[in-house]
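K.L.:
Mind looking at a prediction? Sequence and model below.
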Amino acid sequence: MEGPHAIRRDEPRGPENVGPPRALVIEDDPQQRAVLVHVLKVLGFQVEEAADGAIALDFLVERRVPFDVIMLDIMLPFVDGVEVARRALAQDPELRFIACSAILQGENEELLRRFGVRGYLPKPYSVEELAATIQRVSRRVPRQVNALP
């Protein structure tokens with residue numbers, strides 16, 4: 001039976017699939033992080049934030065917090081986005097990363113693709129581009145995302 005919060009993908013029902021879809025925003029720029037967190041909340045996600053790669057790895061590798069989608073900046077302090085994706089996906093290949101970067105190209109993009117990153121958004125991107133990528137990548141999609149043109 002479907003809940004009021006999300007359109008479900010073919011994932012087994014478990015405690016991580018109850019309630020609104022969950023997103024992790026990994027972005028070191030405070031303004032960009034705040035805007036993305038706000039947009040994802042408006043779209044219906046419950047959102048957690050990580051300001052650097054070390055915090056992201058704590059969520060994803062140490063504590064194994066379940067997320068439906070993970071927005072990943074590539075240029076991060078302490079541990080860069082490529083390494084975050086590599087380590088997290090080595091532990092759980094089902095994680096749904098969307099890599100976001102103004103410089104996502106060439107070898108970084110190829111590395112991320114080999115590690116299993118499922119989506120790419122070059123910065124800057126629009127809400128419509130974000131929503132379309134979320135629809136394609138996320139385990140669960142809030143109904144508000146599907147309402148966008």
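P.N.:
Done, it's in. Numbering: from 1, shown residues only.
K.L.:
Now for the chain, the helix or strand with the poorest mean pLDDT.
P.N.:
Counting by mean pLDDT, DSSP states H and E, the chain has its least confident helix or strand at strand 6-8, which shows a mean of 36.
K.L.:
which element follows that strand toward the C-terminus?
P.N.:
Downstream of strand 6-8, the next assigned helix or strand under DSSP states H and E is strand 22-26.
K.L.:
Tell me the confidence at residue 89?
P.N.:
Residue 89 is assigned a predicted lDDT (pLDDT) of 94.
K.L.:
Is it located within a strand, as I assumed?
P.N.:
No: assessed with DSSP: H, G, I helix; E, B strand; the rest coil, residue 89 is helix; it does not lie in a strand.
K.L.:
Enumerate every residue touching it.
P.N.:
Under the criterion of Cβ atoms under 8 Å, 6 or more residues apart in numbering, the neighbours of residue 89 are 95, 97, 115-117. The way it works is simple: take the backbone N, C-alpha and C, and place the C-beta from them, glycine included.
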